[in-house]
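K.L.:
what shape does this take:
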Amino acid sequence: MALSSRDEVDGVIGAEVMTSFYSTIYNTIFKRNSIFVGTIFAGAFVFQPVFDSGVTRWYEYHNRGKLWKDIKGKYVGGGDDEEEDEDDE
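P.N.:
Coordinates of the predicted model:
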């Protein structure tokens with residue numbers, strides 16, 4: 001299958017855009033080590049709570065009815081009547 005001249009032009013323009021994008025990323029983040037390390041730390045601090053809340057939601061969704069917060073009402077509540085009678089004496 002032969003490429004038309006339009007496809008070749010689109011490929012060249014796409015390559016120029018990608019080269020420009022990579023050049024911008026390199027010049028803003030990777031060129032200086034201090035900026036690169038700072039970007040890594042900032043990304044880690046943002047990623048950690050997002051990942052943690054996502055995993056927690058997934059875990060709670062897949063374990064509905066088995067977690068303590070779901071079954072707490074069955075086991076905690078009124079308590080034993082005998083213990084209350086002993087306290088009254």
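K.L.:
which strand or helix spans the residue positioned nearest the centre of the chain?
P.N.:
Nearest to the geometric centre of the chain sits Phe51, at 2.9 Å (Cα atoms, centre = their mean). Phe51 is part of helix 33-62, with elements assigned from DSSP states H and E.
K.L.:
gap between that helix and the chain center?
P.N.:
5 Å (Cα atoms, centre = their mean, to the nearest Å).
K.L.:
can you name the element that comes right after that helix?
P.N.:
Downstream of helix 33-62 (by DSSP H and E), the next one is helix 68-75.
K.L.:
residue ranges with poor pLDDT in this structure?
P.N.:
1-11, 78-89 (pLDDT under 70).
K.L.:
re earlier: and the angle from the helix holding Phe51 to helix 68-75?
P.N.:
Interaxial angle, helix 33-62 versus helix 68-75 (axes from the mean of the first three to the mean of the last three Cα atoms, to 10 degrees): 30 degrees.
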